[in-house]
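A.B. asks: Whatever this is, show me its structure:
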Amino acid sequence: MGHSHNHSHNHVNLRGRNLVISILLNIVITLAQVVGGLISGSLSLLSDALHNFSDVLSLVISYIANKYSGKAASLQKTFGYKRAEIVAAFVNAATLIVVAIFLIKEAIIRFQDPHEIKSGLVIWLSLIAILGNGFSVLLLKKDSETNMNMKSVYLHLLTDMMASVAVLIGGLLMKYYQIYWVDSVLTLIIALYLIVMGYDLLKDSFKVLMLFTPNSIEIEKIVADIQKLKGIKNVHHVHIWQLNEEEIHLEAHIDFTEDIPLSKFDTILHEIEDLVHENYDINHVNIQPEFGKCDIKDVIVQD
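C.D. replies: As a prediction, this is how the structure comes out:
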């Protein structure tokens, strides 16, 4: 167990280091793009800077959540801060959508009145942003596959890298073909893409925060499997929820066919734990044993 704890702690520290590197990179990129956007008059460059600033905020939020998630539980916080990263993912996904709505508004205003833009500066700054965000994306990619918090910042950075590619294309079109309205069109495309990406993550993190049953789990099937075990008459009052990426909890009342001793209940409990862990990846089980109790026997009961 000690080795497992140390490995987890080291992994959290590695995530933290990668987040710090990404924060510093994005601060530099944001400042450069703001100055460059104001000088060149490019809305798409300023919109990219705004998105980069939202990246900085999301990275800071994720860094704090990453640190807090490792804090120990206490009498007042019995789950510790295990949900900190889910909260961070929800906040970051929401900011993606808010930024996108702002960009849509600005793009429509600018489209009605296109401005001449100093495209040379736009091209160079977008190249710097592509390199900086690309490096950050590579740093966070592995953790984004297993951690919702890291996925939220990964999406921020990935979409920003793609936005910078769009800005680069726009800069080239403006430089060689004087098509200045493309600046607004690219801003609009970037914003719509942010909404699509942000919505899925917002929905997933919302489900976890609301204690919804994970999509991969069918409660009726779990109940049927448990009721096949010897000595179990009925499974009811079931709750299944996801605490964070690593923990899925099952809580249920179980009617037994006879008034069994505690030692026999422990044996059956181990059978239930093994069953739900192997078949459904549920790793925390809380069972209330009952015999002849007059209560509602429905699978789902409103508490």
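A.B. asks: how about the helices of the stretch 1-150 of the chain, start to end?
C.D. replies: 2-40, 43-69, 84-112, 119-144, 148-177 (DSSP state H, counting those that start in this stretch).
A.B. asks: Could I get the average pLDDT for the longest one?
C.D. replies: When pLDDT is averaged over helix 2-40, the result is 75.
A.B. asks: One more: the fourth one?
C.D. replies: This predicted structure assigns helix 119-144 an average pLDDT of 86.
A.B. asks: How far does it sit from its chain's centre?
C.D. replies: In terms of C-alpha atoms, centre = their mean, to the nearest Å, the centre of helix 119-144 is set 21 Å apart from its chain centre.
A.B. asks: circling back to that earlier point, need the helices of the stretch 1-150 of the chain in CSV with distance to residue 204 and mean neighbour count, can you?
C.D. replies: To be clear about C-beta, it is placed using only N, CA and C from the backbone, and glycine gets the same treatment. Output for the helices of the stretch 1-150 of the chain, formatted as CSV (distance: least, C-beta to C-beta, whole Å; neighbours: other C-beta atoms under 10 Å):
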stretch, distance to residue 204, mean neighbour count
helix 2-40, 19, 16
helix 43-69, 15, 24
helix 84-112, 8, 20
helix 119-144, 13, 20
helix 148-177, 7, 23
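A.B. asks: and the ones you listed as JSON lines, adding distance to residue 248?
C.D. replies: Output for the helices of the stretch 1-150 of the chain, formatted as JSON lines (distance: least, C-beta to C-beta, whole Å):
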{"stretch": "helix 2-40", "distance to residue 248": "17"}
{"stretch": "helix 43-69", "distance to residue 248": "17"}
{"stretch": "helix 84-112", "distance to residue 248": "13"}
{"stretch": "helix 119-144", "distance to residue 248": "20"}
{"stretch": "helix 148-177", "distance to residue 248": "14"}
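A.B. asks: Those: which one's closest to residue 292?
C.D. replies: Between residue 292 and the helices of the stretch 1-150 of the chain, the shortest gap by C-beta to C-beta is with helix 84-112, which sits at 40.1 Å.
A.B. asks: tell me what that closest one is packed against?
C.D. replies: helix 43-69, helix 148-177, helix 182-209 (3 or more C-beta pairs under 8 Å, 6 or more residues apart in numbering; DSSP states H and E).
A.B. asks: Which secondary structure elements does the last one sit against?
C.D. replies: What it means is helix 182-209. helix 43-69, helix 84-112, helix 148-177.
A.B. asks: buried set for the following helix or strand past it?
C.D. replies: The helix or strand immediately downstream of helix 182-209 is helix 219-227, counting by DSSP states H and E. Judged by neighbour count (16 or more other C-beta atoms under 10 Å), helix 219-227 contains these buried residues: 219, 222-223, 226.
A.B. asks: What pairs with the helix or strand following helix 219-227, parallel or antiparallel?
C.D. replies: Next along the chain after helix 219-227, taking DSSP H and E as the criterion, comes strand 232-242. Strand 232-242 has the following strand partners under DSSP bridges: strand 248-256 (antiparallel).
A.B. asks: Between helix 219-227 and the partner strand, find me the angle.
C.D. replies: With axes from the mean of the first three to the mean of the last three C-alpha atoms, to 10 degrees defining the directions, strand 248-256 sits at 50 degrees from helix 219-227.
A.B. asks: Pull the distance from strand 248-256 to the chain's centre.
C.D. replies: 28 Å.
A.B. asks: So what touches it?
C.D. replies: 214, 217, 222, 226, 231-243, 265, 268, 276, 280-291, 293, 295, 297 (C-beta atoms under 8 Å, 6 or more residues apart in numbering).
A.B. asks: Likewise for stretch 139-157?
C.D. replies: 15, 18-19, 21-22, 26, 51, 54-55, 58-59, 62, 65-66, 69, 84-86, 88-89, 92-93, 96, 133, 136-137, 197-198, 201, 204-205, 208, 244-245.
A.B. asks: how's the chain carved up into domains?
C.D. replies: 2-209, 219-290 (automatic domain parsing).
A.B. asks: Take the ones you listed and lay them out in TSV including distance to residue 302.
C.D. replies: Below are the domains of the chain laid out as TSV (distance: least, C-beta to C-beta, whole Å):
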stretch	distance to residue 302
domain 2-209	19
domain 219-290	10
